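> give me coordinates for this.
(chains A and B)
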Amino acid sequence: MKRIVCGIIAAIVISTGCASNPAVPKEVRLRQDVLTAIDALQVLAKSVEVGVETKPPVLTNAQANVVWDIEIAAVKTLKATNGNAWAVLKVALEQMEALPFAERLKPYVGVARLVLAALTPVPVARVSLHYPHMTAFAYNAAGAF
Amino acid sequence: MANQDQILQIVGVVGPLIINFVKSRRAAGQDIPAEGTPEYAAYMKDLDVHIASKADVVVAEIEDMKRRHPAE
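Below you'll find the model as predicted:
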């Protein structure tokens, strides 16, 4: 019984405390998420360019252009709505994963998927994923390709 | 069912942890002005401007990439 009570208390603390810093108003957090999502898309775009310039190239110009068009649309949506960064980024990544050459995109999209995990509205999943660290991680990982 | 002593024991252990935790979380957001103040409004406006300019920069960068690597 003690364990159950402790477990419930711990779950409440983690989900309410870690996920939503009480000192950071929700509208500020949403904007921070938008910035993080734009950062992730920027990293993805740059890493796709590296993939095009690699010898032999991982992606053709035409393939890269398709990805970049998806990214431009996503960034413009993020700018226009200032809203749910997680949903916008998720849609963009799903569009990329539905492309016929998705297999070649896997490493690039994988990094952005990690950022997406950091932006998830599911509170517990955000616990250990703090935005600046995730962005730094994404940059480092993109540089490694 | 846990008796009253057990519940008090749990609260006694977990309570201070929660208080410390909440304090540390509050400390993390101290640079954000208090809601409803003119400083907060200015902070939000700056944030919106920053998002807009960041988005413009990223779109411009991607457009550049497209120019450098035109689709055949």
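> what sits against residue B:8?
Contacts for residue B:8 (C-beta atoms under 8 Å, 6 or more residues apart in numbering or on different chains) come out as none. Where C-beta positions appear, they are placed from N, C-alpha and C, glycine not excepted.
> can you pull the domain assignment for chain B?
Following automatic domain parsing, chain B resolves into domains at B:1-31, B:32-72.
> name the single longest helix found in chain B.
helix B:38-68 (DSSP state H).
> likewise for chain A?
helix A:26-53.
> so what secondary structure elements neighbour it?
Contact here means 3 or more C-beta pairs under 8 Å, 6 or more residues apart in numbering or on different chains; DSSP states H and E; on that basis helix A:26-53 packs against helix A:61-81, helix A:85-97, helix A:102-119, helix A:131-144, helix B:38-68.
> quick one: low-confidence ranges for the chain?
Looking at chain A here, since you left the chain open. A:1-23, A:122-145 (pLDDT under 70).
> that's the other chain; I wanted chain B
Residues of chain B that meet the cut-off, pLDDT under 70, sit at B:1-3, B:6-7, B:9-30.
> for residue 70, the count of nearby residues, please.
Using chain A. Residues near residue A:70, counting by other C-beta atoms under 10 Å in any protein chain shown, number 21.
> let's do chain B instead
9.
> how much space between it and residue A:63?
13 Å (C-beta to C-beta, to the nearest Å).
> is there a neighbour count for the closest residue to residue A:81 other than its chain neighbours? I'd like the number.
Nearest residue to residue A:81, sequence neighbours excluded (C-beta to C-beta, 6 or more residues apart in numbering or on different chains): residue A:88, at 7.3 Å. When counting by other C-beta under 10 Å, one arrives at 24 neighbours for residue A:88.
> now do the one 3 residues further on
Each residue near residue A:91 was counted by other C-beta under 10 Å, and the total is 14.
> leaving out chain neighbours, which residue sits closest to it?
residue A:74 (7.3 Å).
> so who does the one you found touch?
Listed by C-beta under 8 Å, 6+ apart, the contact set of residue A:74 reads A:37, A:41, A:88-89, A:91-92.
> greatest separation within those residues: which pair is it?
A:41 and A:91 (11.9 Å; C-beta to C-beta).
> ok, the closest residue to residue B:65 other than its chain neighbours - contacts?
In space, and not counting its chain neighbours, residue B:65 is closest to residue A:49: 5.0 Å by C-beta to C-beta, 6+ apart. Applying C-beta under 8 Å, 6+ apart, we find residue A:49 in contact with A:64, B:65, B:68-69.
> let's see it at 10 Å
By C-beta atoms under 10 Å, 6 or more residues apart in numbering or on different chains, the contact list for residue A:49 reads A:59, A:64, A:67-68, B:61-62, B:64-66, B:68-69.
> and for residue B:68?
A:49, A:52-53, A:61.
> filter those residues down to the buried ones and hand me the PyMOL line.
In PyMOL, this line selects whichever of the contacts of residue B:68 come out buried by 16 or more other C-beta atoms under 10 Å in any protein chain shown:
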select buried, chain A and resi 49+52+61
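> residue A:110: which of the contacts of residue B:68 is nearest?
Using C-beta to C-beta, the contacts of residue B:68 come closest to residue A:110 at residue A:49, 17.0 Å.
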